[in-house]
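S.K.: Fold the stuff below for me.
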Amino acid sequence: MKNKISVIVPTYNVEKYIRKCLDSLVIQDYDDYDVLVINDGSPANEQVIIDEYQQKYPAVIKGIRKENGGYGSVLELGFRESDADYVLICDPDDYLAPHALSTLMKLKEESGADLVVGAKNLVYDDSEEVKYDPSFNPEFGAIEDGRVYRKEEKGFERFYFLEPSPHAKLYKRELVSEITFPHKVSYTDNLLYFYTLSRVNSVVYCAEPLSYYLINRAGNTRTDLKPTIIDAWVTVFKSIAEQCPEGSEIFWYRLFEAFYSIYYKVDQIKGDEKLKEEKYELIYTYLQELLPHKEAILKKNEEYQQDTSRMKAQKAKLLDPASSQKTYRSLYHKRLYGSLKQSVKNFVLNNAALSRLYGVYHFHAKYWYARNDERMILHPQVKCEALIDEGVNFFGYYDKPCVAYGHSLLHRVNSTSLSYDQKVDLLVDGKKVSETTTWNWQQGSMAAWVDETHILHNFFDGRAFRSKAVNILTGECREYCFPVYSLSKDKTFGLSLNFSRLAKLRKDYGYFNLPYQDLPANEEDGIWYVDLEKDEAQLWLTLAEIAAFCPREDMQGAVHKVNHIDISPDSKRAIFLHRWYVGKKKYTRLLCVDIATKELHLLADQDMVSHMAWVGSEKVFGYLRRKDGKDGYAFIDLEGKETVFDDPALVDDGHPTVYNERYIVTDTYPDYTCRSKLYLIDVQKHSVTKLGEFYSGKKYQDDRRCDLHPRFDKEGKSLTFDSVCREEQRRTYHLDLSELIEEERS
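M.R.: I've put the predicted structure just below:
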């Protein structure tokens, strides 16, 4: 039988889920397949269901009962009982798309690849939510749909970072039948995948999600962590090492990374130090399997990790047979029982005076330890260069393009001073076209492109803050009566605020040319509407009106302000942050206002909203305290409905900017290594790719800090960001993303 497929369904205590799984399998549109449903001695009643389906679909369903032996024993039996050419494993709490088998086999036949792996959808128990998961780790490079990757190519290594779960993977039965699976342990799908990958010569990837993976069922191996799971991991990965002695360099490196992953998991299991010490000793028996491959592991580690010199030395000692066991025991003893250094640290932190001194030490120490580290670390598929590779220059905020109409727009400071008491030049393609004394490091002078020949920026005329449009070709200017914070996309009006109020309450974003200590009353301050066609400005929405909308008790007697105004792409609405202070405590909510009617909408009100960006004109995306009580990223529509966007990389606040509603770039603030990170989010694939890491020096703190503030170019597929990573001079960098952003299909 040519190209017959057997779908193997291992069942154990899944009575609640198995019908949905089998229903998806009996309706496959592929002609030549069967389904082997193997009951691994389950105490539940799924055998009744298996018998029912076998009777109803005798040509497809074959039920098999066996004594309990674990996941691996089921795979062994399934491979032996099957007479098919190819096998696919579908866990009984998961299910397949109706065309899954036909799609995978078609891709296999057209490509001639030895192994087919695919994307999947993540689904949740008792929820309708579905998330796309490409299964690969984009940090190590994207895997292209339908492309055949051959073992001799560099791109083949990316599959070693792909999730090893069996979902949407089509295996050649003849090859996998040679595997000896350990019995009565979980995670044997790692053995199946790594064994196969080490033996095939080519792999093809399917980007279409054909499998639906239930990830939060109580009791499944992705949900709970017990001491026996450490045992299972060690058993499985030792088996991988033993059965694949001819593995490649990347193979052994990935097994070494698995060692570290298991090692760090010990902290998560419940138990005393004695139990954990037993687990650490067990893990070492796995590390011993890797020692003969030291050189291969360290070579790939240098390629894939940005380790500190200390971490590099630690890994070298761990892999050296002469020092391995001593180094390992020293490491885990420190984790279990602490060290003299940790004991001293705990004593210091428990003493108020010493704790303050430690805070000062820690602040300076992180820069000392990072002093020799790489200042800029880039994803291999992006290209980066400074727009102007000299002097001090920057653009400012994240909510508007720096590069548009084939030109770049920058601010230039003609000294290395961080003082606001100096002029800045406005540059187009490196040539000065204007200047201003009204600016700050975070937002510059709110400079923006009006059209291909005009820019707009704020300035101080000696009496008041104003704005001007400058013709970049002739230098001619048109001045307006009021500064602009956010410019409408049709360029007919802007919204603005009191920059002196910001200087008082949040100097990062304020202007300092006028006295700013005395705050106007709430009835006399708020958001201004600036009519650029008529050159008129009016106090359009007062702080009193804003505070009176959906009021809260903690607003009584508070000091109010607005910030981060952003007009929607269709110029019909604007979002802004309403912040109020009670003593030193700060509260924030996200509001939306209709431009035509001034009608307000409450989008988020959980005390913390940071930075948001429009995604089209009907929803926004950003970092906030969500309705689940967690701080993170989410989409919010105009009714305030949230759609959470979680990813392990997106744990920190950032400044998101959007391109064509599919791609979003955001950043982070500097971490303990003094680096900020840039991430590319693919909304369609629900993937996150780290674009780079960028160093920030000690002098860039508080309102003088240098946030990356990424912003897509108007033409897309590239972006700019501000950084002090080179020579500790603030500059704007241009990042080409064309290799990571796909063309939109019509």
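
S.K.: Nearest residue to residue 324 in space, please, no chain neighbours.
M.R.: In space, and not counting its chain neighbours, residue 324 is closest to residue 318: 5.7 Å by CB to CB, 6 or more residues apart in numbering. Backbone N, C-alpha and C define where each C-beta goes, glycine included.

S.K.: What is the neighbour count of the one you found?
M.R.: 23 (other CB atoms under 10 Å).

S.K.: Tell me the confidence at it?
M.R.: Residue 318 carries a pLDDT value of 96.

S.K.: what do you get for residue 339?
M.R.: 65.

S.K.: Then residue 727?
M.R.: Looking at residue 727, its pLDDT reads 81.

S.K.: hang on, it in a helix?
M.R.: No: assessed by DSSP: H, G, I helix; E, B strand; the rest coil, residue 727 does not belong to a helix; its assignment is coil.

S.K.: mind checking how far it is from residue 392?
M.R.: Separation of residue 727 from residue 392 (CB to CB, to the nearest Å): 10 Å.

S.K.: now swap in residue 508 and tell me
M.R.: In terms of CB to CB, residue 508 sits 18 Å off from residue 392.

S.K.: repeat for residue 501
M.R.: 28 Å.

S.K.: do the same with residue 692
M.R.: With CB to CB as the criterion, residue 692 and residue 392 are 21 Å apart.

S.K.: Same question for residue 304.
M.R.: 35 Å.

S.K.: Also residue 321?
M.R.: In terms of CB to CB, residue 321 sits 53 Å off from residue 392.

S.K.: Which one of the two is surrounded by more residues?
M.R.: The neighbour count for residue 321 versus residue 392, taken as other CB under 10 Å, is higher for residue 392 (18 against 10).

S.K.: burial count for the nearest residue to the more buried one once chain neighbours are set aside?
M.R.: Leaving aside its chain neighbours, residue 392 sits nearest to residue 413 (4.4 Å; criterion: CB to CB, 6+ apart). Other residues near residue 413 number 20, with proximity taken as other CB under 10 Å.

S.K.: can you pull the contacts of residue 413?
M.R.: Residues near residue 413 by CB atoms under 8 Å, 6 or more residues apart in numbering: 391, 392, 393, 394, 422, 424, 425, 730.

S.K.: Out of these, which is nearest to residue 49?
M.R.: Taking CB to CB as the measure, residue 49 sits nearest to residue 394 out of those, at 64.4 Å.

S.K.: these two touch, right, the closest one and residue 732?
M.R.: Yes: between residue 394 and residue 732 a contact is recorded at 5.7 Å, counting by CB atoms under 8 Å.

S.K.: joint contacts of the two?
M.R.: 410, 722.

S.K.: residues making contact with the helix or strand hosting residue 592?
M.R.: Using DSSP states H and E, residue 592 sits within strand 585-594. For strand 585-594, the external contacting residues (CB under 8 Å, 6+ apart) are 527, 541, 546, 549, 552, 554-555, 558, 572-581, 599-605, 607-610, 612, 620, 624, 636, 638.

S.K.: so for that strand, what's the average pLDDT?
M.R.: Across strand 585-594, pLDDT averages out at 96.

S.K.: Next: stretch 110-126.
M.R.: Rounded mean pLDDT across stretch 110-126 is 90.

S.K.: thinking in terms of the whole chain, how far from its middle is it?
M.R.: In terms of CA atoms, centre = their mean, to the nearest Å, the centre of stretch 110-126 is set 21 Å apart from its chain centre.

S.K.: Give the buried residues for it.
M.R.: For stretch 110-126, a neighbour-count test (16 or more other CB atoms under 10 Å) marks 111, 113, 114, 115, 116, 117, 118, 119, 120, 121, 122, 123 as buried.

S.K.: elements contacting the longest strand belonging to the chain?
M.R.: In the chain, assigned by DSSP state E, the strand with the most residues is strand 202-214. On a contact count with 3 or more CB pairs under 8 Å, 6 or more residues apart in numbering; DSSP states H and E, strand 202-214 meets strand 95-96, helix 100-111, strand 115-123, strand 130-133, strand 148-150.

S.K.: Distance from the chain centre to the first one, please.
M.R.: The chain centroid and the centroid of strand 95-96 are separated by 27 Å, computed with CA atoms, centre = their mean.

S.K.: Averaged pLDDT, that strand. What do you get?
M.R.: 96.

S.K.: In the sheet, which strands lie alongside that strand, parallel or antiparallel?
M.R.: According to DSSP bridges, strand 95-96 forms sheet pairs with strand 202-214 (antiparallel).

S.K.: List the buried residues in the partner strand.
M.R.: Buried, per 16+ other CB under 10 Å, within strand 202-214: 202-214.

S.K.: I would like the residues contacting whichever helix or strand comes after that strand, please.
M.R.: Where DSSP H and E defines the elements, the next helix or strand beyond strand 202-214 is helix 227-243. By CB under 8 Å, 6+ apart, the surrounding residues in contact with helix 227-243 are 179-182, 185-188, 190-191, 194-195, 221, 247, 255, 258-259, 262, 265-266, 269-271, 275, 279, 282-283, 285-286, 289-290.

S.K.: What are the contacting residues of the helix or strand following helix 227-243?
M.R.: Later in the chain than helix 227-243, the nearest helix or strand by DSSP H and E is helix 249-265. Helix 249-265 has contacts (CB under 8 Å, 6+ apart) with 157, 160-161, 190, 194, 197-198, 225, 229-230, 233-234, 237, 240-241, 244, 247, 280, 283, 286-287, 289-290, 293, 296-297, 299-301, 304, 315, 319, 332.

S.K.: again, only using 7 Å
M.R.: Identification of contacts with helix 249-265 by CB atoms under 7 Å, 6 or more residues apart in numbering yields 157, 160, 198, 225, 230, 233-234, 237, 240-241, 244, 283, 286-287, 290, 293, 296-297, 299-301.

S.K.: Could I have the CA atoms of it written out in PDB?
M.R.: What follows is helix 249-265, C-alpha atoms only, in PDB (Å, rounded to 0.1, in the frame of the first residue of the first chain):
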ATOM      1  CA  GLU A 249      27.000  19.200  16.600                       C
ATOM      2  CA  ILE A 250      23.600  20.900  16.800                       C
ATOM      3  CA  PHE A 251      22.100  17.700  18.100                       C
ATOM      4  CA  TRP A 252      24.500  17.500  21.100                       C
ATOM      5  CA  TYR A 253      24.100  21.200  21.700                       C
ATOM      6  CA  ARG A 254      20.300  20.900  22.000                       C
ATOM      7  CA  LEU A 255      20.700  18.000  24.300                       C
ATOM      8  CA  PHE A 256      23.000  20.100  26.500                       C
ATOM      9  CA  GLU A 257      20.400  22.900  26.500                       C
ATOM     10  CA  ALA A 258      17.900  20.200  27.700                       C
ATOM     11  CA  PHE A 259      20.200  19.400  30.600                       C
ATOM     12  CA  TYR A 260      20.100  23.000  31.700                       C
ATOM     13  CA  SER A 261      16.300  23.100  31.300                       C
ATOM     14  CA  ILE A 262      15.900  20.100  33.500                       C
ATOM     15  CA  TYR A 263      18.500  21.400  36.000                       C
ATOM     16  CA  TYR A 264      16.600  24.700  36.500                       C
ATOM     17  CA  LYS A 265      13.200  22.900  36.900                       C
END
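
S.K.: tilt between that helix and helix 227-243?
M.R.: 160 degrees (axes from the mean of the first three to the mean of the last three CA atoms, to 10 degrees).

S.K.: buried sites along helix 249-265?
M.R.: Quick answer for helix 249-265 (16+ other CB under 10 Å): 249-259, 262-263.

S.K.: Save the residues you listed as TSV, and put in distance to residue 680 and pLDDT too.
M.R.: As requested, these are arranged in TSV below (distance: CB to CB, whole Å; pLDDT from 0 to 100):
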residue	distance to residue 680	pLDDT
249	28	96
250	24	96
251	28	97
252	30	97
253	25	97
254	24	96
255	29	97
256	28	97
257	23	95
258	27	95
259	30	96
262	30	94
263	30	93
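
S.K.: Mind putting those residues into TSV with distance to residue 75?
M.R.: Below are the buried residues of helix 249-265 laid out as TSV (distance: CB to CB, whole Å):
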residue	distance to residue 75
249	28
250	24
251	21
252	24
253	26
254	21
255	20
256	25
257	24
258	20
259	24
262	22
263	27
